[in-house]
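1. Everything below, folded, please.
(one chain, ligands or ions: 1)
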Amino acid sequence: MTPTRRYFDKHARSFDRLYESQGVTARLRRGPPGRVAEAVLEAGAARYVGLDLSAEMLALARRRVDDHAEVELVEGDFLDLDPPGMFDVVLALGLFDYLPEARPGAAWMRARCTSTLVASFSRWDRVKAPLRRLYYALYGCPLFNYTEAGAEELLRDAGFSGVKFVSRGPRGFLVVARA
Ligand SMILES: C[S@@+](CC[C@H](N)C(=O)[O-])C[C@H]1O[C@@H](n2cnc3c(N)ncnc32)[C@H](O)[C@@H]1O
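-> Residues are numbered from 1 along each chain as shown. Predicted coordinates for the structure are as follows:
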């Protein structure tokens, strides 16, 4: 079991509760389990495939969206998974922070995306980022930060274009890119 999976298996519930009271931007940026799926399905998605390392995060998501026949939730490292078909929209919300190798991740997303990628990235700040990194280190879970230029280069190199920063904050940013 990877440290990241162990961390999210242990913290799934508190992670979910943390964002209960927060606004839409925070919810989209951090993506508590299943809530984004709910919004996507309400907006009329014909199919939703959710991939996650953590069985506990998936269990929470399953409770929210289990009644939707068009949902498939799969446990595993997304790099090892190959869901059939292509996707109009690929969501990577709160994911890149945990990827030791971002490039294969971005390439994986590009290979399956026909239209739009929505991805969030954490940026380094002098106050919260070191504390957050230290806290996750207690669980052996490494964290990764990005600059806007670095994220744009990452996505362009993977073959995405029209990278737009749709939300910017001191600790992170949300990007939309075209396949
Ligand atoms: C900040 S949470 C975001 C939750 C997710 N966006 C959602 O809406 O359910 C980050 C999630 O990424 C998952 N994760 C991290 N690395 C992963 C990987 N390589 N493959 C699949 N999931 C991964 C973690 O298990 C965790 O559930």
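
2. Spell out which residues of the protein are next to the ligand.
-> Applying C-beta under 6 Å from any ligand atom, one finds that the chain approaches the ligand through 4-5, 8, 30-31, 33, 36, 51-54, 57, 61, 77-78, 93-95, 98. C-betas here are computed from N, CA, C, even on glycine.

3. Now, of the residues you listed, which are buried?
-> Neighbour counting over the residues of the chain next to the ligand (16 or more other C-beta atoms under 10 Å) leaves 4-5, 8, 30-31, 33, 36, 51-54, 57, 61, 78, 93-95, 98 as the buried ones.

4. Among those residues, which lie within helices?
-> Counted as lying in helices by DSSP state H, out of these, are 4-5, 8, 30, 36, 57, 61.

5. now the nearest residue to S54 once chain neighbours are set aside: how far from A45?
-> Of all residues beyond its chain neighbours, the one nearest S54 is F8 (3.6 Å), with distances taken as C-beta to C-beta, 6 or more residues apart in numbering. In this structure, F8 and A45 are separated by 24 Å, where distance is defined by C-beta to C-beta, to the nearest Å.

6. Which secondary structure element of the chain has the lowest mean pLDDT?
-> Of all regular secondary-structure elements in the chain, judged by mean pLDDT, DSSP states H and E, the least confident is helix 24-30 with a mean of 48.

7. L143 sits in which helix or strand?
-> Mapping L143 onto the secondary structure by DSSP states H and E places it in no helix or strand at all.

8. pretty sure it contacts Y98?
-> Yes. Here L143 lies in contact with Y98, judged by C-beta atoms under 8 Å, at a distance of 7.0 Å.

9. Model confidence for A37, exactly?
-> pLDDT recorded at A37 is 87.

10. shouldn't it be in contact with G50?
-> Yes. Under the contact definition of C-beta under 8 Å, A37 touches G50, with a separation of 5.8 Å.

11. hey, what's in contact with both of those two?
-> When contacts are counted by C-beta atoms under 8 Å, 6 or more residues apart in numbering, A37 and G50 have 61, 71 as shared neighbours.

12. so V65 makes contact with G34?
-> Yes. Between V65 and G34 a contact is recorded at 5.4 Å, counting by C-beta under 8 Å.

13. give the contact list for A107.
-> Applying C-beta under 8 Å, 6+ apart to A107 gives the contacts 158-159.
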